[in-house]
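> let me see the structure of the following:
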Amino acid sequence: MPRGDRPPSRAARAPLLERDLYAPVRDLLAAQGFSVRGEVNGVDLLAVRGGETVAVELKTSLNLDLVLQAVERQKVADAVYACVPRKGKAMATRRWASLLHLLQRLEVGLILVPPSTLRAEVLLEAAPFDRAKSRDAAKRKRTALLREFHGRTGDRNVGGVHRTALYTVYRQMALEIAGMLAREGPCTPRRLRELGADPDKTYGILRGNVYGWFERLGDGLYGLTDKGRTAAAE
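Now for the predicted structure:
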């Protein structure tokens, strides 16, 4: 066959439709000893093995509609799975991670079907949510949240505003250092700590120079860039 007449690869084909997901999921469950039927009283796929029932809802993307549908199926099935095509870029986003966490909390499993292989794979089991483990993680996040809250001076951010520089504890400490350098001139980290800068974070803030405010002048001295002088003035 001439090169120009080669059929497109699986990855280059049109996106998978809901009906394209049925056979891979059916085969996956059948291999585990389930009897499978499609479209049973509104359920996209119902699998039965002895007295065990598994419901699977098929969609082209993982969204709230699919989650709501899966939760509704929990009223009639022992285990419920959502199934979507595997999409590489989408799985690297924060939104995807949040959706996976939501599914885990709701005890809904997730099956993915890669367009390149059309072989269903279970990403999340429909298992009881580990609330003890979740509480430990939540405790760590709560501690960090309150540390950030109490570490700030005043309320300098507007809630709901995005894509703008936020006033954080880190930024607050960097501004304090910039203010000291504006008043005192070039200083060493040691001198800045003597003036009241954070004893643990000062050197890291100067060296990291996240905002481009600081410059090393030699002999351990640090000064301000033009951006730093503007920040200190503001």
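> so who does the closest residue to Arg229 other than its chain neighbours touch?
Spatial nearest neighbour of Arg229, chain neighbours left out: Ala182 (6.4 Å); criterion: CB to CB, 6 or more residues apart in numbering. All C-beta spots, glycine's among them, are computed from the backbone N, C-alpha and C. Ala182 is in contact with 224, 228-229, 232-233, counting by CB atoms under 8 Å, 6 or more residues apart in numbering.
> quick check: end-to-end length of stretch 98-116?
26 Å (CA to CA, to the nearest Å).
> tell me which stretches of this protein form helices.
18-30, 64-73, 94-106, 131-151, 169-184, 189-194, 202-208, 226-233 (DSSP state H).
> weakest of those in terms of mean pLDDT?
Lowest mean pLDDT within the helices of the chain: helix 131-151, a mean of 75.
> pop the domain breakdown of this structure in here.
The record's domain split for the chain, according to automatic domain parsing, is 8-124, 169-233.
> just tell me which of these ends up closest to Arg156.
Nearest to Arg156 among the domains of the chain is domain 169-233 (8.6 Å), distances taken as CB to CB.
> how far away from the center of its chain is the closest one?
Relative to the mean C-alpha coordinate of its chain, domain 169-233 is positioned 33 Å out (CA atoms, centre = their mean, to the nearest Å).
> how long is that domain from one end to the other?
For domain 169-233, the end-to-end distance is 19 Å (CA to CA).
> kindly report the same for stretch 36-47.
4 Å.
> in that stretch, which residues are buried?
By 16 or more other CB atoms under 10 Å, the buried positions in stretch 36-47 come out as 36, 43-47.
> can I get the residues you listed in TSV with pLDDT?
Output for those, formatted as TSV (pLDDT from 0 to 100):
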residue	pLDDT
Val36	95
Val43	93
Asp44	95
Leu45	94
Leu46	95
Ala47	95
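> separation between the spatially most central residue of the chain and His101?
Centroid check for the chain by CA atoms, centre = their mean gives Arg94 as the closest residue, at 2.5 Å. Look at Arg94 and His101: by CB to CB, to the nearest Å, they are 11 Å apart.
> now swap in Leu181 and tell me
43 Å.
> these two: which has the busier surroundings?
Leu181 (25 against 13; other CB atoms under 10 Å).
> right, and that one touches Ala232 too?
Yes: in terms of CB atoms under 8 Å, Leu181 counts as a neighbour of Ala232; the distance is 7.2 Å.
> name the residues contacting each of those two.
With CB under 8 Å, 6+ apart, Leu181 and Ala232 have common neighbours Leu224.
> now the end-to-end length of stretch 27-34.
Taking CA to CA as the criterion, the two ends of stretch 27-34 lie 9 Å apart.
> identify each buried residue in that stretch, please.
28-29, 34.
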